[in-house]
Every structure is written in structure tokens, then in C-alpha cells.
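Peer 1: predicted model and sequence follow; I will ask about them next.
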Amino acid sequence: MSDSQREDERAIRNLVSRYCHAIAERDDATWAANWAEDGEWVVLGATLRGREAILAHYRKLVSAVRWVVQNSSDGIVEVQGDGATGRWLIVEYLQWGTGKGAQNVGRYRDRYARGADGEWRFARREFHPIYLGPPDLSATPPAFGGPKVAP
């Protein structure tokens, strides 16, 4: 791996970290800036195209929660020129407006693009949910979610 590829990988890992921090800090402007203008987000049965549509849907999703913290781990990033792909496991801890806690677990499959300004952004993020429910993991996983595992 070249020094340039290492720098690109580090920049993409920082992109994912900025995304997570912006969620926890409820910083919509920073969160939206992580997306390419023509980016695509596939999340919970919806496909959004364009930064403005993505931001509007994000605001709708987080409007029902008091707070949320997202952690990304196990990132695998593969860089090829001005494009790259990545895979991440995420765990979110959140509190609904009702005061009840919840946990969201899933995987992201990403495509990244380097912009004209040299910054990496999400060209596409596809979320594959595994679980959303009480923190004790007692809820049934979503039908559109991840791999089915016998209890």
C-alpha cells in the first residue's frame, strides 16, 4: 500500500468518524457535509438521492429521539484512485422522546468519492439493519434486516 493510499484510507476513516460525531452532537450541517452533492442513502426501506433529500430524511428519522450515539467499528476500506468502498458495523444507543432506551445494530456498505476539493465524501451508504429494539436485545429483528440466525 502506498503512502497516498494510507492517507486516503485515514481520510475515509475520519469521514466515518465525523459522521458518527455529527449524529451524537446533532450537528446537521456537518452531517450533511459528509455527503457528495449527488450522494445516495439507502436506509430502512427508503432510497434518498442528493444531499438535501438525504438531510431532510435524516432530520425526520432523528426527530423522534432525544439523543443518539452511533459507534462504527470493524471498518474495511479499499481505495482505488478517486473512489473507494467500505464496510462498517454500527451500534447505536438512543433514547426515544418517550424516555425509553433502544439499541440499533446494523452494517453499512459504502462507496466514497473524492471531490474536486480533494475531500472524501459518501457517494452511497446502504444500511443493512440487524436489530432495532430495547437495549436488552429482546425485540424481533426487522424483516428487512441482516442475516437470519437461529436462537
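Peer 2: Received it, and whenever you're ready, just let me know what you need.
Peer 1: use CA for all of it now, contacts and neighbours both
Peer 2: Noted.
Peer 1: what's around Met1, how many residues?
Peer 2: 6 (other Cα atoms under 10 Å).
Peer 1: from Glu9, how far out is it?
Peer 2: 10 Å (Cα to Cα, to the nearest Å).
Peer 1: with Trp67 instead?
Peer 2: 29 Å.
Peer 1: how far is stretch 35-51 from where the chain is centred?
Peer 2: Using Cα atoms, centre = their mean, to the nearest Å, the distance from the centre of stretch 35-51 to the centre of the chain it belongs to is 11 Å.
Peer 1: which positions in that stretch come out as buried?
Peer 2: Within stretch 35-51, the residues that count as buried by 16 or more other Cα atoms under 10 Å are Trp35, Ala36, Glu37, Gly39, Glu40, Trp41, Val42, Val43, Leu48, Arg49, Arg51.
Peer 1: can you give the contact residues for it?
Peer 2: Applying Cα atoms under 8 Å, 6 or more residues apart in numbering, the contact partners of stretch 35-51 are 32, 54, 57, 113, 115, 121-129, 144.
Peer 1: can you show me the CA trace of it as PDB?
Peer 2: Written as PDB, here are the backbone C-alpha positions of stretch 35-51 (Å, rounded to 0.1, in the frame of the first residue of the first chain):
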ATOM      1  CA  TRP A  35     -22.300  13.600   1.600                       C
ATOM      2  CA  ALA A  36     -21.500  14.200  -2.000                       C
ATOM      3  CA  GLU A  37     -24.000  16.600  -3.600                       C
ATOM      4  CA  ASP A  38     -25.400  13.700  -5.600                       C
ATOM      5  CA  GLY A  39     -25.000  11.100  -2.900                       C
ATOM      6  CA  GLU A  40     -27.400   8.200  -2.300                       C
ATOM      7  CA  TRP A  41     -28.500   6.900   1.100                       C
ATOM      8  CA  VAL A  42     -30.400   3.600   1.300                       C
ATOM      9  CA  VAL A  43     -31.800   3.300   4.800                       C
ATOM     10  CA  LEU A  44     -34.800   1.500   6.400                       C
ATOM     11  CA  GLY A  45     -36.700   0.900   3.200                       C
ATOM     12  CA  ALA A  46     -36.000   4.300   1.700                       C
ATOM     13  CA  THR A  47     -33.600   5.400  -1.000                       C
ATOM     14  CA  LEU A  48     -32.700   9.100  -1.000                       C
ATOM     15  CA  ARG A  49     -30.700  10.900  -3.700                       C
ATOM     16  CA  GLY A  50     -29.000  14.300  -3.300                       C
ATOM     17  CA  ARG A  51     -27.600  15.900  -0.200                       C
END
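Peer 1: sounds good, over and out.
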